[in-house]
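>>> Just to be clear, the model below is a prediction. Sequence and coordinates:
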Amino acid sequence: MSSPTSPPGGGREPAVIRVEPLVTARGVRGPFDYARPAGCDVGAVVEVPFGRQRLRGVVTALAETSEHALKEPLSIDETSLPPSLVELALWMAGDVVSTPARCLDLLLPPADVTERTRLWAAVVPGAIDAGTRLTERQRALLDRLPGWTGDDLPALRRLEARGIVTIEPRAQDRRPDDPAVGAPARPVALNPDQTAAVERLRSAILGAAARRAGAGDAPASVEERLLLHGVTGSGKTEVYLQAAACALEAGRGVVVLVPEIALTPQTVARFRARLGDAVAVLHSGLSRGERRDEWWRLRRGEARVCVGPMSAVLAPLEDVGLVIVDEEHDPAFKHDGDPRYDARRVAAWRARRDGGVLVAGSATPRPESWLALPRISLARRADGRPLPPVELVDVRRCRTVLERTVHQALIDARKAIVLLNRRGWATSLQCADCGHAWQCPNCDVSLVLHGAGGPSAAAAAAPTMAAIGSAGSGVLRCHHCGHREPPPVHCPACRSVSVGRHGLGTEQLAADLPGHVFRLDADVRDRAGVLERFGAAEEGILVGTQMIAKGHDFPDVDLGVVVDADATLRFPDFRSQERTFQLVAQLAGRAGRGGATSGRVLVQTRSPEDASLRLAAAHDAETFLAGELDRRRERGFPPFATLARITCEHEDEARAQAAGEVLRQRLPREATGPLPLFRRQGRFRRTLELRGPHRGPVVAAVRAAVDSIAGSRGARGLVVVVEIDPR
């Protein structure tokens, strides 16, 4: 049923649509040809007959003829994608070794969510004259029109019967709640560094817009991908706001990416305060109805700025003139599911495709960005205050969680942020007598002890010591599959009651800290609420995982603490030095801002001589990045190479094993693995890795190997996951 996808030519009206069915199976390889209904163009969402099934699909191309006898689509949906996004999906599928169907599905609004309507009332022109008899209440009601009827519907119906008002159903968008964080409605005064940055971006944006419009006097060369390297607190957001306003004035769209949903309200508030109703928000925390309506506001052009985490890069905007990636170093910009796209790479593609400008901003940029992008520098804080001093505290001989001077500093601080990158109460349980360890029955990982409440909307405070201080209290949880079970009273292997709890998590740390403690980690549902309450508090301690270091702007934090700075150094990952530097430097950036009388940062470490820690303490990103690039160049790691990771997953151990062996034989000799088999969510996984100096050949080799087994008899029930340049 498939046919070649040559573009239409010869001037005839295309009679064929090429449809990509929205299925997840790699073995279904479209597009497939159907007869073209009138007005059905690229991007249309259609329902088509497919064998004995009815499938939803997207039109990806048009053709004049087909070598097959064609059926027509069964229906055409009101939803359609801009052709530029269809092009994006096809590029993504090739770039990350996924399928067009999986990529297209990410771009569509939630299915089966209908438009919401309410009754709208308006005064009939000329219906009221000097002789019209109205009560005071009726006159007051008419003064509020036009508007939604609400509780006034009975009174309005009586006026409708007299021909004074009309009442009709109208669509009403389900808008996300306006964020509580305030912001100035007018541009603020800029320091010289910010002024230079805004002018440079304005030149790039206007130059790109002129080239897009085909103006003859456009600059011959304009930088369109830029790195905004600004120290923490340097005022990058104000630069973004003024650049976005410039893009809107040029008639172009804007995409603003942040790394964490909890940061979205703060960013949306600032952009809405400046740019008004032109701003829409997209993220997974919205209801399906809210996501549908915000998607349509963008699709119809009612909103021209989209703010949100990773998925906002797929917003249905046309003519994108500016893409901003804030905190561009953050690994949260990589998508966990298939397709495993990198939102930063997609952002660059959209800017390039539409002739727009990409701005990647960070105080601690990735080596990849530092090497590839021209830089704009914001070398000082916007308020003129110095960066806080950072002290490395050697805890090699310390037998307590907090070193003595660190504990005292927390007692003395008015507001503090404490980072520990492990959640839960204890990270593992083990019998002290026989060594039995509590493992997840579905995954090859230890179960983590949590407080009895588990994830809680009210988890700004920690459980008390008493809550999980006795044997058998709390809950054991797997952080991969969600398995839960009660903690043991005794060991099932030897019946001993000597069950030891090992490893400190944020819950236990929060219970141990003095004063008013707020907790923020992945187990806390109301993350934005925790941040708001901590920001409004006169004093307190915010304790949490790495998300507390992500761009939050609290004006009165006078102390930052990193409890275990060595945790990321212990990872078997070539990025461990980079992650350590970023985490310490970003946490340090939360202290000493605005109203804080002083700022200070204490970093507990057993490796005080480590270069990444020393340079983070010195706020010296340039020296760190230069050394990191030298190390990676010498060892052949990104950005001087491309890595690919292929995982074969099956519920049957032998079939996962066999699939890994088959893939290994079909990959180049440079591939490593299969790596040791492991389980996750009850399925066995076998992983291989391939590294090469150039992205194109690596991707091509992986695709050829994966395609060779997709759809084969042995692939039944097999899931193959590909990640290019894993985070």
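Now that the structure is in, tell me what you want to look at.
>>> Pretty sure Ala626 sits in a helix.
Yes. Applying DSSP: H, G, I helix; E, B strand; the rest coil, one finds Ala626 inside a helix.
>>> next one: stretch 568-579 to chain centre, how far?
For stretch 568-579, the separation from the chain centroid amounts to 21 Å (computed by CA atoms, centre = their mean, to the nearest Å).
>>> Now that stretch: buried residues?
Thr568, Leu569, Arg575, Gln577, Glu578, Arg579 (16 or more other CB atoms under 10 Å). (Glycine included, C-beta is placed from N, CA and C.)
>>> cool, stretch 640-656 as well?
So stretch 640-656, judged by 16+ other CB under 10 Å, has buried residues Ala641, Thr642, Leu643, Ala644, Arg645, Ile646, Thr647, Cys648, Glu649, His650, Arg655, Ala656.
>>> So Phe624 sits against Ser612, correct?
Yes. In this structure, Phe624 is within contact of Ser612 by CB atoms under 8 Å, at 6.4 Å.
>>> between these two, what contacts are shared?
Phe581 (CB atoms under 8 Å, 6 or more residues apart in numbering).
>>> Kindly reformat the buried residues of stretch 568-579 as a markdown table and extend each row with pLDDT.
Output for these, formatted as a markdown table (pLDDT from 0 to 100):
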| residue | pLDDT |
| --- | --- |
| Thr568 | 87 |
| Leu569 | 87 |
| Arg575 | 94 |
| Gln577 | 95 |
| Glu578 | 96 |
| Arg579 | 94 |
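>>> of those residues, closest to Ala204?
Glu578 (27.7 Å; CB to CB).
>>> Just list the residues touching that closest one, thanks.
Arg366, Pro367, Ser612, Glu628.
>>> And the strands in the stretch 301-450 of the chain?
Ranges of strands in the stretch 301-450 of the chain, per DSSP state E, counting those that start in this stretch, are 305-308, 320-326, 357-362, 375-378, 390-394, 415-419, 426-431, 448-450.
>>> Pull the distance from the last one to the chain's centre.
On the basis of CA atoms, centre = their mean, the separation between the geometric centre of strand 448-450 and that of its chain is 26 Å.
>>> now swap in the second one and tell me
On the basis of CA atoms, centre = their mean, the separation between the geometric centre of strand 320-326 and that of its chain is 15 Å.
>>> Now do stretch 353-373, average pLDDT.
Mean pLDDT, stretch 353-373: 96.
>>> Would you list the phi and psi of the residue in the chain sticking out farthest from the centre?
Residue farthest from the centre of the chain, counting by CA atoms, centre = their mean, is Gly131 at 61.3 Å. Main-chain dihedrals, Gly131, degrees, to the nearest 10: phi -90, psi 0.
>>> gap between it and Ala659?
Look at Gly131 and Ala659: by CB to CB, to the nearest Å, they are 85 Å apart.
>>> Report pLDDT for the residue lying closest to Thr364 once chain neighbours are set aside.
Spatial nearest neighbour of Thr364, excluding adjacent residues (CB to CB, 6 or more residues apart in numbering): Gln582 at 4.3 Å. At Gln582, the pLDDT value in this model is 94.
>>> right, and the helix or strand after the strand or helix carrying Gln582?
Assigned by DSSP states H and E, Gln582 belongs to helix 576-588. The helix or strand immediately downstream of helix 576-588 is strand 600-605, counting by DSSP H and E.
>>> who touches Ala522 in this structure?
Arg423, Thr545, Met547.
>>> Rank these by pLDDT and give me only the lowest.
Met547 (86).
>>> Tell me if I'm right that that residue and Ile261 touch.
No. At 9.5 Å, Met547 does not count as touching Ile261 under the criterion of CB under 8 Å.
>>> Make sure Ile76 is actually in contact with Asp41.
No. Using CB under 8 Å, Ile76 is not in contact with Asp41; the gap is 10.3 Å.
>>> Gly163: neighbour count?
9 (other CB atoms under 10 Å).
>>> Just say helix, strand or coil for the closest residue to it other than its chain neighbours.
Among residues not flanking Gly163 along the chain, Ala127 sits closest, at 5.8 Å (CB to CB, 6+ apart). Put simply, Ala127 is coil when judged by three-state DSSP.
>>> Alpha carbons only: can I get stretch 405-424 in CSV?
Provided in CSV are the C-alpha atoms of stretch 405-424 (Å, rounded to 0.1, in the frame of the first residue of the first chain):
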residue,chain,number,x,y,z
THR,A,405,30.2,24.8,61.6
VAL,A,406,27.6,24.0,59.0
HIS,A,407,25.0,23.1,61.6
GLN,A,408,25.7,26.3,63.5
ALA,A,409,25.5,28.4,60.3
LEU,A,410,22.0,26.9,59.7
ILE,A,411,20.9,27.8,63.2
ASP,A,412,22.2,31.4,62.7
ALA,A,413,20.8,31.9,59.2
ARG,A,414,17.4,33.7,58.7
LYS,A,415,16.7,31.9,55.4
ALA,A,416,18.7,29.0,54.0
ILE,A,417,18.6,26.5,51.1
VAL,A,418,20.0,23.0,51.7
LEU,A,419,20.7,20.6,48.9
LEU,A,420,20.8,16.8,49.2
ASN,A,421,20.3,15.0,45.9
ARG,A,422,18.5,11.9,47.4
ARG,A,423,14.9,11.7,48.3
GLY,A,424,13.1,9.6,50.9
